[in-house]
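Peer 1: the sequence and its predicted three-dimensional model are supplied below.
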Amino acid sequence: MKRDYFFLVNYNLKGDLIMVYLDFTEKNSDILAKSSWLKTAEDLAGILDNQLFQVNLDEQDNYDARKMAESREKVFNDFCAICALNEITFPKLEPELYEVYLPKAEYEEKDIELTQRRKQHVLGQLKGSRGSKARDCRALVKTLEMFPDDGGGGSYSGISANNILAVVNSNLVSLGFEPVRPNYVDRKMDFPKDNFGPSETSIILIVDDDKRGMIKTARAIAGWPQLKIEYFYYDSSNGWGANEDEEIEKTAKAIIERKAQIVLMDQGMPPMDGSDVILRIKEITGINSSIFVANTRGDADKIHGVGALKNCDKGANFEGIQQAIRMLE
């Protein structure tokens, strides 16, 4: 689905969506460099620009789209907060970040009937009533009517503030007004922009089968001096039923081709384990292997057993990365 992001998006001849947050950062690089936020802004822009981390409103499972929107919104808000700190006009709000919470186009007939029955009951009881409580009840019934559900017993779990704000923002934009946005100035940010980095620019490759886990990791290390963040996504949905040894071999060779100095390796990537991929890479490359750092939410013992450094835990712990940087020197 093509959308107009004003100055944020261009389309190439193939019709592919090309985000240009990195171009936006480059245009403001002089201002950002003076405040030492340039590297962080570049890393966050790299996440936002990456095709892996876009919100797909056409996904069959709206839950996945919403979870991706949650992860992406955190990065987008960080990016806008950096703009606000540096008095740079921040980008337009991406429509997908709120449209993913809009009411469904269609609801089951039984859900609509239930909502209408509730509405009729409330309005019937309030007939002729005035005052703030009566007005509130009428407004809430109208809100319920916009989000028919079966009382939480089905696929829809109820109305959230995000759902209501999505309708508000959608209506504001359609009327030509600006959508509601967070207060970026007061946003708390804790990036490792003052950490020690390697003496030369080094690639740190995030290997994972979970896109949201990749975003979480990349967001945590954004701004780290001299570390160039890259991504290797393994689609486990294509791995089910595949030959494990073949997947390990294929993945190991693909990672080697990326020539990363540091690799943040996830463990569970069905049908294979990250520890087995590390072993195969070391068999192929010998002493010229990358430095591996565990990056898993689960038990890291197995991946530590093949030489991976202390678990990064999706960006919660920097000790392994710091040790890897020291080993590069």
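Peer 2: Looks like it arrived, so ask away. Source: prediction; values computed, not measured.

Peer 1: which parts of the protein are strands?
Peer 2: In the chain, the strands defined using DSSP state E lie at 9-11, 17-19, 202-208, 227-233, 262-265, 268-269, 272-273, 291-294.

Peer 1: nearest to Leu126, of the ones you listed?
Peer 2: Leu126 lies closest to strand 9-11 among the strands of the chain, at 46.8 Å (CB to CB). All C-beta atoms are positioned from the backbone trio N, CA, C, and that covers glycine.

Peer 1: quick one: Lys193 and Trp224 touch, right?
Peer 2: Yes - using CB atoms under 8 Å, Lys193 is in contact with Trp224, at 7.3 Å.

Peer 1: right, so the strands of the chain: which one is the most enclosed?
Peer 2: Across the strands of the chain, averaging neighbours per residue (mean count of other CB atoms under 10 Å) puts strand 262-265 on top, at a mean of 27.

Peer 1: mind checking which of Lys193 and Trp224 has more residues around it?
Peer 2: Remark: of Lys193 and Trp224, Trp224 carries more neighbours, 25 against 18, as counted by other CB atoms under 10 Å.

Peer 1: before we move on, the earlier item: how about the strands of the chain in a markdown table, adding distance to Glu283?
Peer 2: A markdown table is the format used below for the strands of the chain (distance: least, CB to CB, whole Å):
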| stretch | distance to Glu283 |
| --- | --- |
| strand 9-11 | 44 |
| strand 17-19 | 38 |
| strand 202-208 | 17 |
| strand 227-233 | 19 |
| strand 262-265 | 15 |
| strand 268-269 | 18 |
| strand 272-273 | 15 |
| strand 291-294 | 13 |
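
Peer 1: of all those, which lies closest to Glu59?
Peer 2: Of the strands of the chain, the one closest to Glu59 (CB to CB) turns out to be strand 17-19, at 15.2 Å.

Peer 1: which stretches in the stretch 101-250 of the chain count as helices?
Peer 2: 109-126, 132-146, 161-174, 211-221, 244-257 (DSSP state H, counting those that start in this stretch).

Peer 1: burial measure for the nearest residue to Val122 once chain neighbours are set aside, as a count.
Peer 2: Nearest non-adjacent residue to Val122, counting by CB to CB, 6 or more residues apart in numbering: Val141, 4.8 Å away. By other CB under 10 Å, 17 other residues sit near Val141.

Peer 1: how close does Val141 sit to Arg118?
Peer 2: Going from Val141 to Arg118 by CB to CB, to the nearest Å gives 7 Å.

Peer 1: got the contact list for the nearest residue to Thr115 once chain neighbours are set aside?
Peer 2: In space, and not counting its chain neighbours, Thr115 is closest to Pro148: 4.3 Å by CB to CB, 6+ apart. Shown in contact with Pro148 (CB atoms under 8 Å, 6 or more residues apart in numbering): 107, 111-112, 114-115.

Peer 1: pick out the most distant pair among those residues.
Peer 2: Across the contacts of Pro148, the two members that end up farthest from each other (CB to CB) are Tyr107 and Leu114, 9.9 Å apart.

Peer 1: thanks again, I'm all set now.
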